[in-house]
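Participant: output the structure for:
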Amino acid sequence: MITPFEATLLGIVAHKPISRYGVMKAIQQQSLYWAGSPGAVYSALGRMLEKGLIEVVENTDPKIYIITDLGLEVGHSYLKTPVPASKLILDPSLIRIKLRGIHDLPASDRIRFYEAQLEEYRQAKQLVHDKQLGFSGTEIVRELSTLALRQLGLEVDFILKLLDRVRGESTSL
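Facilitator: Presented below is the predicted three-dimensional model:
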């Protein structure tokens, strides 16, 4: 089992051999959801090295990391698993991590993921609706619930667009 952060690092290392500093710079340049700190990156790389997910290229200074077969397998498994409904509401960055990485997988894997993820969105919307019905709180809480539903709706629309695109790709092959 890996964390979303480790999955992000695996994705970076999977694209090319890279140093710790290179990983840090990649996160800072590409991330929309986390600025990163060198200590967090370096300790996560160490844990991933211990788990056998990445390895160091021999005789490199600074150390250059590459992904292992196990790392690829674990990373792909992470990407293929939909974000649960409850987490979609609490942490929208989780879906962004997966959407960013899933595009490198075969069309059939992407289609399965998108379809399963859409079901999680349906459940997430139902969770918010149920909480709205059972809540007699302040106006701001009701407005925040409405905002959450709009956000979920935008994400559903985006995934539907990706699903249409990948289905178009797979029929043209």
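Participant: give me the contact list for stretch 21-34.
Facilitator: 5, 8-9, 12-13, 18, 35-36, 38, 41, 45, 62, 65, 93, 96-97 (CB atoms under 8 Å, 6 or more residues apart in numbering). (Glycine included, C-beta is placed from N, CA and C.)
Participant: list only buried entries from those.
Facilitator: Buried members of these, counted by 16 or more other CB atoms under 10 Å: 8-9, 12-13, 18, 36, 41, 45, 65, 96-97.
Participant: and of the residues you listed, the nearest to E73?
Facilitator: Among the buried ones among the contacts of stretch 21-34, V13 lies closest to E73 (CB to CB), at 13.9 Å.
Participant: avg pLDDT for the one helix or strand that closest one maps to?
Facilitator: Using DSSP states H and E, V13 sits within helix 4-15. Averaging the model's pLDDT scores along helix 4-15 yields 92.
Participant: send me that helix as CSV with only the CA atoms.
Facilitator: Output in CSV follows, covering the C-alpha atoms of helix 4-15 (Å, rounded to 0.1, in the frame of the first residue of the first chain):
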residue,chain,number,x,y,z
PRO,A,4,-1.0,9.4,-2.6
PHE,A,5,2.3,11.3,-2.1
GLU,A,6,4.4,8.2,-2.8
ALA,A,7,2.2,7.5,-5.9
THR,A,8,3.0,11.0,-7.1
LEU,A,9,6.7,10.4,-6.6
LEU,A,10,6.5,7.0,-8.4
GLY,A,11,4.9,8.8,-11.3
ILE,A,12,7.7,11.2,-11.5
VAL,A,13,10.5,8.6,-11.2
ALA,A,14,8.6,6.4,-13.8
HIS,A,15,9.0,9.0,-16.5
